[in-house]
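>>> Give me a model of this one.
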Amino acid sequence: MKAEASVTPNARPFYRRYSAAELKEALRRMYLIRRFEEGAEEAYMRGLIHGTMHLSIGQEASAVGATMGLRRSDYITSTHRGHGHCIGKGADPKLMFAEFFGKEEGYCRGRGGSMHIADVATGNLGANGIVGGGLPIAVGAALAIRKQRRDDAVMCFFGDGATNEGAFHEALNMASVWKLPVVFVCENNKYGMSVSTERSMAVKNVADRAAAYAMPGVTLDGNSIADVEEAIATAVGRARAGDGPTLVECKTYRTRGHSRSDRNRYRTKEEIEEWKARDPIPRFESELLSHGLVSEADVAAIREAAEAEIAAGIEFARNGTDPDPAEVTRDVYSPEASR
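Presented below is the predicted three-dimensional model:
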C-alpha cells in the first residue's frame, strides 16, 4: 500500500493516495518526458538524428497519470507518439536516445528508432508506427493474462485518429465479449495528422463509443494528472477484478506538429497559444505547492536533475556502438529458423 501524503482530509483522492515522494516522482517523470522530447528535437535539428519523430509535448499528464499506478508486471502498448508512455512505464532515457541514434545500446539495438521502442522487461510491449496497431496486440496480451490466471492489466494507448480504424472497434468488441483486463486510453489531441476530430467523428466524444460495446466510457481533462490518474485507477481496478475493459478519453493537445515535417497550417497560432497556457507541468507544480507537498527548491532541483539526465543520455547515445552492416539481418529471423 502507498503511504498517504500529508494533505488535508478533503483533498481529492489522487493527493491522498500517493506519498509526497511518489508525487515528486510523477513530476520528475513529466519533466523528463518534456526534456527528452526537446532534446530529441534539438538533436534532429543538429543533424544527429535522422528520419522523423512525433512529439507529445503538452501531453505529459496523460502519459504519467495513466502509468503511475501500474505494476511492473502490467503491460502497455503504445503509439508512434509514445516516448512519454515509455518513460512513464520506467524506460531509461539514455537507452531510448541510443535507439534514436541507431546504436547497439538502444532498446531494440538501434533497429526500431523513435516509433518502435519496446522494453519487455518493464512491461512495454512496444510502440507502433501503424495507427491503431497496438489495439489488437493489447487484447491478445489481456487474453494471455486471463489464461495465466493473473490479476495484471493491459493499458492500450492510442490517438483519436485510431478510433476510426476497424481495429479499434474489433478490439473493443472482443475485449468486452470476453471481459478482458484492458484499459483503452485514447489521447485525443484534437487532430489525426491535420484532420480535426470535429470533421472526422460523428460523435462529440470518443468515449461515447464505449456504449456500443457495453463498457464504461469516461471523458476527462487530459492535462490534469489528477483527473487522469483517478479515472485510470477505477478502470484498472475493474480490470483486475475481472469486470472487463474501460474506455478512457484524455482530452489533451500536442503543441508541436504531427511530425517534424508538419507546418501547422491547419490550426491557428492563437489555438496553440491557448493550449500552451494549459500546460500540464506548471499546473501540477502549482497544485503540489498549494498542498505543501513540494517547495520551490524541490521543483528547481527536479528540473535541474531532468536537464542533467537528458544531457548525459544524449552524450551516452552519441558515444554508442554503431551496428555492423554485416549483421543487418541478424534479428530478422530467430537463431533456430536460420539454421
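>>> the longest helix in the chain is where?
With DSSP state H applied, the helix covering the greatest number of residues in the chain is identified as helix 20-45.
>>> Send me the helix or strand that that one is followed by as PDB with only the CA atoms.
For helix 20-45, the succeeding helix or strand toward the C-terminus, using DSSP states H and E, is helix 60-67. What follows is helix 60-67 as a C-alpha-only set of coordinates in PDB (Å, rounded to 0.1, in the frame of the first residue of the first chain):
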ATOM      1  CA  GLU A  60       2.700  14.600 -20.300                       C
ATOM      2  CA  ALA A  61      -0.100  14.500 -17.700                       C
ATOM      3  CA  SER A  62      -1.800  11.800 -19.700                       C
ATOM      4  CA  ALA A  63       1.200   9.600 -20.000                       C
ATOM      5  CA  VAL A  64       2.300   9.800 -16.400                       C
ATOM      6  CA  GLY A  65      -1.100   9.900 -14.800                       C
ATOM      7  CA  ALA A  66      -2.100   6.800 -16.700                       C
ATOM      8  CA  THR A  67       1.000   4.800 -15.800                       C
END
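>>> Next, the angle helix 20-45 makes with helix 60-67.
Helix 60-67 and helix 20-45 are oriented at 130 degrees to each other (axes from the mean of the first three to the mean of the last three C-alpha atoms, to 10 degrees).
>>> So which elements touch helix 60-67?
If you count contacts as 3 or more C-beta pairs under 8 Å, 6 or more residues apart in numbering; DSSP states H and E, helix 60-67 packs onto helix 20-45, helix 83-88, strand 154-159, strand 182-188, helix 225-240, strand 246-251, helix 280-290. In this view, the C-beta of every residue, glycine as well, is placed from N, C-alpha and C.
>>> got a list of contacts for that helix?
Taking C-beta atoms under 8 Å, 6 or more residues apart in numbering as the criterion, the residues outside helix 60-67 that touch it are 26, 29-30, 33-34, 56, 76, 84-85, 87-89, 155, 157, 183, 185, 187, 222-229, 232, 248, 250, 252, 280-281, 283-284.
>>> related to what we said a few turns ago, can you tell me which of the helices and strands packed on helix 60-67 is nearest to Lys147?
Between Lys147 and these, the tightest spacing by C-beta to C-beta is seen for strand 154-159, at 13.1 Å.
>>> hang on, the earlier thing: chain center to the longest helix of the chain, what's the gap?
Centroid separation between helix 20-45 and its chain, computed with C-alpha atoms, centre = their mean, to the nearest Å, is 12 Å.
>>> pretty sure Met174 is touching Gly140, no?
No: Met174 is beyond contact range of Gly140, at 9.4 Å (criterion: C-beta atoms under 8 Å).
>>> Pick out whichever of those two has more residues nearby.
Neighbours per residue, other C-beta atoms under 10 Å: of Met174 and Gly140, the larger number sits with Met174, 19 against 16.
>>> The more buried one is in what secondary structure piece?
Counting by DSSP H and E, the element that carries Met174 is helix 166-177.
>>> what packs against that helix?
Here helix 166-177 touches helix 134-147, strand 182-188, going by 3+ C-beta pairs under 8 Å, 6+ apart.
>>> got the CA positions of it in PDB?
The C-alpha coordinates for helix 166-177 follow below in PDB (Å, rounded to 0.1, in the frame of the first residue of the first chain):
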ATOM      1  CA  GLY A 166     -11.600  -1.000 -37.900                       C
ATOM      2  CA  ALA A 167      -9.100  -2.500 -35.400                       C
ATOM      3  CA  PHE A 168     -10.400  -0.100 -32.700                       C
ATOM      4  CA  HIS A 169     -14.000  -1.500 -33.000                       C
ATOM      5  CA  GLU A 170     -12.900  -5.100 -33.300                       C
ATOM      6  CA  ALA A 171     -10.600  -4.800 -30.300                       C
ATOM      7  CA  LEU A 172     -13.200  -3.100 -28.000                       C
ATOM      8  CA  ASN A 173     -15.800  -5.600 -29.000                       C
ATOM      9  CA  MET A 174     -13.700  -8.700 -28.400                       C
ATOM     10  CA  ALA A 175     -12.400  -7.300 -25.100                       C
ATOM     11  CA  SER A 176     -15.900  -6.700 -23.900                       C
ATOM     12  CA  VAL A 177     -17.300 -10.000 -25.000                       C
END
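>>> how about that helix: buried residues?
For helix 166-177, burial by neighbour count (16 or more other C-beta atoms under 10 Å) applies to Ala167, Phe168, His169, Ala171, Leu172, Met174, Ala175, Ser176.
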